[in-house]
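Colleague: Pasting the sequence and the predicted coordinates here, then a few questions.
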Amino acid sequence: MKEVKLFHGPNHPGMHGNFSVHLTVDGDTVKKAKPNPGMLHRGFEKLMERRLWMSNIALIPRVCVPEPDINETVYSMAVEKIEELEVPERAKYLRVIILELARIAVHMMSIGGIGGPTGVYTAPNWALNERDMILDIFEKITGHRIYHMYIVPGGVRQDINEEILEFIENTINDIESRLKDYYEIIFESPIIHKRLKGTAPLTKEQALDWGVTGPGLRSTGVKYDVRKKFPYLVYDKLDFDIPIAEESDAYTRLYLKYLEVKQSIKIIRQVLSDIPKGKVRNKLMGTALKWKIKEGEAYGKVESSRGEFGYYIVSTGGRYPYRIQVRGASYPQGLYGIEAGLPGTRLEDVSIWLDTMGVCSPEVDR
Amino acid sequence: MYTKKLMEKIKNIIRGHSLFMLHYCTGCGAIELPPTMTSRFDMERLGIAPMATPRQADILLITGYLSAKTLRRVIYTYEQMQSPKWVVGFGSCTINGGIYYDSYSTINELDLYLPVDLYLAGCMPRPEAIINGFERLIEKIENGDADGWKHYKQNREWYKKNQKQALGDSLYTTR
Amino acid sequence: MEQKKVIEKISNEYGIKKIKFKKIENQQFKVKINKKEIINFLTYLKNIGFWQLSLITAVDWIDNNQFEIVYNLVSWELEQHIIVKTFIPRENPRITSIINIWPVAKYYEWDVNEYFGVVFDGNPNNGKELFLENWDDKPPMRKDFDPLNYSKEKFPEKEYKNFRMKRKREVIE
């Protein structure tokens, strides 16, 4: 048998993002895989050391492109931990709205994204429309579609009025009314069944070994969610379930995302009915350009759509951060997971593997 | 002579209405491409569709910042494409480095390395801006103004010199 | 479990009384430990439930001439997050690898090795390139590396006075 070396990506229709995997294949079966990241490396951690605490807010959403809000939240949370700054109650609720809307948007994009590697092009055409409706909400709240820079240390940038809250409610009602159609068009489609069921299996031991979190881990039966175990914002006051599955393959991982969309809608409903009145931001001392954060370090983490997302921040009491390290949610499966998990997969399933594991290249490269 | 010019003009009009853009997400601007491609904004009505291989593509989109590691692949990809071919630079990062002006791994000005036919300002450009930009590109192609690929051929040495400054002497291979 | 109980448990069972724990918040605390103890301590932590390795990172304390290696561990049963820190000298930085305890540490350590130049004894990837390509300067995350100078030297901007090309730049709003 002759082994051939193949370069899967970065310019490949099956790759989501600018990422590359070196595959050694024997026939159609992958024998060895080596990730080749760094195509999107911008040196964020170095750039953040050179910018003020406030101007970093403009830089960090770019770390993870599909889901930028978690970056702002984690950064703000870590800074608040060091500074021991309280966040007003209303701001916490507003943050939850933004985070859950972002989760729906990303899940919709990955549910639609499965259309690429499987050839079901109805899926992206439908699901991305749904995502765009959420981007419209973001535009109303923050003024931009993708990068919002809405969440800042101490709260959120500005309040939102009743009209927008009503708009959010109407939109999620709209989305919910169509979720049944999604189930029929995507999860009951014979192509999706044939291509995804049993493809790219993941065992519980593998998931724990690699350090996978998020839907990938929950699909193997482990009920771990940062929102439940390390409650942040107001998640301990809200009532929601963590969907889990027993046997993990590409189909169940995708289906869990669909179930999580339903839970997010449930969360947003509760937030919209419970949201208290009040101010939305506790200001730090002085103007934003003169902020000084106390000496210390903290690790802030949230549950992103792909798992645990964290920032490790060190401050020496100055106007600039001393060191920031980003822990991308898909870092474990994007690097070690590829090396350990891809061998044995068939070549045509590699894109499905990468897609349903949720490998997000900008946050791996940083 | 006149017929030749006329033929060229007709060819340009036809070229402008059947554009294949290379499916290569080089940076974060690529996140606005799926909405542009699918049902809401639908750029296929302008005759633009994604293409998987560089050999049959006409447009190379540089969607945002470009790290040196990607630049090597992008040059490789660009030289594989058949002319006529056009390069569109997305966002402020391709114009002057944008927010990454002091980054050690991203380039600052794209048109030192590749001939850019059109820039789209913004971080990141909205789908409306992308559509508007493509309309402008089509107009330029029809008028015969979008001639970056000719420029690349004529000034090859100048481009190669810049590329070598950024990437080192081995342009196509890595250590 | 409450943080106090976890801290009590660790200091009673692990046997070193001198370990100082410091609370960051209710579910997060940090501890400083000697470089020689690190393998034993992390193995112990894994056994009592801290079996997710979240992150390995380094901090360059250039004034003290030291690198700080930071291990972030999470326990889901105890619902605690622990930050374990150790210091190594900045000249010829070496520390034992923990890939035998957590295989995924291979890439975290590779990351630190590439960006800080810290050598992890036992990791097969020391000195290889992961994110960067044809890198020809000192490791970029060190404090004495200046990215702006590097960027100016490698990726210059055009000088518009001597610019001979005839093409116009065009920007669409």
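Modeller: In hand now; what should we look at? Here the structure is a predicted model, which is why all the values come from computation and not from measurement.

Colleague: Quick one: low-confidence residue ranges for the chain.
Modeller: In the absence of a named chain, chain A is used. Applying pLDDT under 70 to chain A flags the ranges A:1, A:285-286.

Colleague: Let me rephrase: I mean chain B.
Modeller: In chain B (pLDDT under 70), the answer is B:173-175.

Colleague: any residues touching the top helix by length along it, and which ones?
Modeller: In chain B, with assignment by DSSP state H, the single longest helix is helix B:127-143. By C-beta atoms under 8 Å, 6 or more residues apart in numbering or on different chains, the residues outside helix B:127-143 that reach it are B:12-13, B:15-17, B:19, B:32-33, B:35-36, B:40-41, B:43, B:46, B:48, B:59, B:84, B:86, B:88, B:90, B:117-118, B:120-122, B:125, B:146, C:172-173. C-beta: built from backbone N, CA, C; applies to glycine.

Colleague: if we go to 6 Å?
Modeller: Contacts to helix B:127-143, defined as C-beta atoms under 6 Å, 6 or more residues apart in numbering or on different chains, come from residues B:12-13, B:15-16, B:32, B:35-36, B:41, B:46, B:48, B:118, B:120, B:122, B:146, C:172.

Colleague: what subset of those residues is also close to chain A?
Modeller: Among those, the residues that sit close to chain A (C-beta under 6 Å from any C-beta of the partner chain) are B:Pro35.

Colleague: Any of the contacts of helix B:127-143 buried? List them.
Modeller: Buried members of the contacts of helix B:127-143, counted by 16 or more other C-beta atoms under 10 Å in any protein chain shown: B:12, B:15-16, B:32, B:35-36, B:41, B:48, B:118, B:120, B:122, B:146.

Colleague: and those, which of them are in strands?
Modeller: Here DSSP state E is the test, and the buried ones among the contacts of helix B:127-143 give B:48, B:118, B:120 as lying in strands.

Colleague: what number of residues lie near A:Pro343?
Modeller: By other C-beta atoms under 10 Å in any protein chain shown, 14 other residues sit near A:Pro343.

Colleague: now the strands for chain A?
Modeller: Secondary structure of chain A (DSSP E): strands at A:3-8, A:20-26, A:29-36, A:151-152, A:155-156, A:295-304, A:307-316, A:323-327.

Colleague: what's the spacing between A:Phe167 and chain B?
Modeller: According to C-beta to the nearest C-beta, to the nearest Å, A:Phe167 and chain B sit 18 Å apart.

Colleague: mind listing what A:Ile324 touches?
Modeller: Applying C-beta under 6 Å, 6+ apart to A:Ile324 gives the contacts A:45, A:48, A:313.

Colleague: Tell me who's in contact with the first one.
Modeller: Right, A:Glu45. Residues counted as contacts of A:Glu45 (C-beta under 6 Å, 6+ apart) are A:Ile324.

Colleague: Roughly how far does it sit from A:Ile60?
Modeller: 11 Å (C-beta to C-beta, to the nearest Å).

Colleague: now swap in the second one and tell me
Modeller: Distance of A:Met48 to A:Ile60, given as C-beta to C-beta: 7 Å.

Colleague: Mind listing the shared neighbours of those two?
Modeller: In contact with both A:Met48 and A:Ile60: no residue, using C-beta under 6 Å, 6+ apart.

Colleague: burial measure for the closest residue to chain A within chain C, as a count.
Modeller: Ranked by C-beta to the nearest C-beta, the top residue of chain C for proximity to chain A is C:Phe131, at 3.4 Å. When counting by other C-beta under 10 Å, one arrives at 23 neighbours for C:Phe131.

Colleague: Nearest residue to it in space, please, no chain neighbours.
Modeller: Ranked by C-beta to C-beta, 6 or more residues apart in numbering or on different chains and with sequence neighbours excluded, the top spatial neighbour of C:Phe131 is A:Gly38, at 3.4 Å.

Colleague: tell me which parts of chain B are close to chain A?
Modeller: Counting by C-beta under 6 Å from any C-beta, chain B sits next to chain A at B:23-26, B:28, B:31, B:34-35, B:38-40, B:52, B:67, B:69-70, B:73, B:77, B:100, B:103-106.

Colleague: again, only this time at 8 Å
Modeller: Contact residues (C-beta under 8 Å from any C-beta of the partner chain) of chain B with chain A: B:22-28, B:30-32, B:34-35, B:38-40, B:52, B:54, B:65, B:67, B:69-70, B:73, B:77, B:99-100, B:102-106, B:123-124, B:126.

Colleague: mind listing which of the residues you listed are in helices?
Modeller: Per DSSP H, the subset of the residues of chain B next to chain A in helices is B:34-35, B:69-70, B:73, B:77.

Colleague: Would you reformat these as CSV and include distance to A:Glu348?
Modeller: Shown next, in CSV, are these (distance: C-beta to C-beta, whole Å):
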residue, distance to A:Glu348
B:Pro34, 22
B:Pro35, 27
B:Lys69, 27
B:Thr70, 26
B:Arg73, 23
B:Thr77, 23
